[in-house]
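>>> The following comprises the amino acid sequence and a computationally predicted model.
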Amino acid sequence: MTVSINSIKKGIVIDHIKAGHGIKVYNYLGLDKVDFTVALIKNAPSNKQNKKDIIKIENAMNIDFTVLGLIDPTMTINIIENESIKEKIKLSIPKKVEDVIKCKNPRCVTSVEKNIPHIFLLFDEEKLEYRCQYCDEVYTFSEV
Ligand SMILES: [Zn+2]
């Protein structure tokens with residue numbers, strides 16, 4: 001069966017997700033809780049990657065694409081309107097992430113004071129290593 005992007009009228013197709021990562025993206029976006037049509041396609045054949053996951057969202061949903069770049073910057077996001085691709089969004093690894101990952105250092109100011117945003121800055125792009133802006137606690141994103 002060929003799964004075509006054009007089978008949705010209006011919405012978002014997240015393509016070229018590494019095989020196995022689809023569920024991660026799905027959970028991250030909270031797609032288990034929405035009431036519109038969502039499809040998670042696993043292990044679809046791909047020329048580029050051998051196998052890939054695809055998520056189709058039949059709704060104009062507001063997605064924080066920055067964060068998706070953290071999960072997997074090789075994904076592509078297609079915004080669909082009138083059954084065709086209106087816009088393609090390329091992801092990149094964000095330099096700064098806010099309230100995505102939480103600092104685990106019990107002595108960090110974010111642990112002591114509840115109203116402070118958890119801000120992490122990119123430290124090593126190769127290793128996806130981030131450091132807490134306040135205490136330098138290291139966080140490697142592949143842990144997620
Ligand atoms: Zn910290």
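Arrived safely, thanks for sending.
>>> roughly how far out does the helix-or-strand element of the chain with minimal mean pLDDT sit from the chain middle?
In the chain, the helix or strand scored least confidently by mean pLDDT, DSSP states H and E is helix 65-71, which has a mean of 82. Here helix 65-71 is found 4 Å from its chain centre; the criterion is Cα atoms, centre = their mean, to the nearest Å.
>>> what sits up against that helix?
14, 21, 24-25, 28, 75, 77, 89, 91-94, 97, 100, 128, 141, 144 (Cβ atoms under 8 Å, 6 or more residues apart in numbering). For every residue, glycine as well, the C-beta is placed using N, CA and C.
>>> Just the buried ones from those?
Using 16 or more other Cβ atoms under 10 Å as the burial test, those include 14, 21, 25, 28, 75, 77, 91, 93-94, 97, 100, 128, 141 as buried.
>>> now the residue nearest the centre of the chain: how far from Phe123?
Closest to where the C-alpha atoms of the chain average out (Cα atoms, centre = their mean) is Leu68, at 2.1 Å. Applying Cβ to Cβ, to the nearest Å, the value for Leu68 to Phe123 is 20 Å.
>>> Ok, Ile101 next?
Distance from Ile101 to Phe123, by Cβ to Cβ: 13 Å.
>>> quick one: common contacting residues for the two?
Tyr130.
>>> what about these two, which has more around it?
Taking other Cβ atoms under 10 Å, Ile101 and Phe123 do not tie; Ile101 has more neighbours (20 against 15).
>>> In this structure the more buried one contacts Leu121, no?
No: look at Ile101 against Leu121 with Cβ atoms under 8 Å: they stay out of range, at 11.4 Å.
>>> who touches both of those two?
Jointly contacting Ile101 and Leu121 under the rule Cβ under 8 Å, 6+ apart are Tyr130.
>>> filter the contacts of helix 65-71 down to the ones near the ion?
Among the contacts of helix 65-71, no residue is within reach of the ion (Cβ under 5 Å from the ion).
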